[in-house]
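J.: got a structure for you, letters missing:
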């Protein structure tokens, strides 16, 4: 029984780590898109002398 409980705890911990990785990957993509838009706007202003 102790082995089963330990196995379940390890499984739950592993699943939480995997879901956290997916969440961080998604957040990283969002931040990257925002950065690209800011960079593009800065280039547009630089070219148009805003």
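T.: Received it, and whenever you're ready, just let me know what you need. Every value quoted in this text rests on a predicted model; they were computed, and no experiment measured them.
J.: flag the shaky bits of this protein, pLDDT-wise.
T.: Segments of the chain classed as low confidence (criterion: pLDDT under 70) are 49-50.
J.: in which helix or strand would I find the residue nearest the centre of the chain?
T.: Compute the mean C-alpha point of the chain, and by Cα atoms, centre = their mean the closest residue is residue 24, 2.2 Å away. Secondary-structure element containing residue 24, defined by DSSP states H and E: helix 2-48.
J.: returning to what we had before: need the contact list for the residue nearest to the centre of the chain.
T.: Contacts for residue 24 were tallied using Cβ atoms under 8 Å, 6 or more residues apart in numbering; there are none. The C-beta positions use only the backbone N, C-alpha and C, and glycine is treated the same way.
J.: where's it relative to residue 10, distance?
T.: If you measure residue 24 against residue 10 using Cβ to Cβ, to the nearest Å, the figure is 21 Å.
J.: do residue 37 as well
T.: If you go by Cβ to Cβ, the gap between residue 37 and residue 10 works out to 42 Å.
J.: how many neighbours does residue 32 have?
T.: Here the number of neighbours of residue 32 (other Cβ atoms under 10 Å) works out to 10.
J.: likewise for residue 10?
T.: 10.
J.: try residue 30
T.: For residue 30, the tally of surrounding residues (other Cβ under 10 Å) stands at 10.
J.: got it, and the one 4 residues further on?
T.: Look at residue 34: counted by other Cβ under 10 Å, it has 10 neighbours.
J.: just residue 33 next, same as before
T.: Residue 33 has 10 neighbours, counted by other Cβ under 10 Å.
J.: what's the answer for residue 46, then?
T.: What residue 46 shows, counting by other Cβ under 10 Å, is a neighbour count of 9.
J.: quick thing: my sequence starts at 32, can you match it?
T.: Sure, I'll start numbering at 32, so the last one becomes residue 77.
J.: next one: it from residue 65, what distance?
T.: Separation of residue 77 from residue 65 (Cβ to Cβ) stands at 19 Å.
J.: now residue 71
T.: Separation of residue 71 from residue 65 (Cβ to Cβ): 11 Å.
J.: go on, residue 37?
T.: Applying Cβ to Cβ, one obtains 42 Å for the distance of residue 37 from residue 65.
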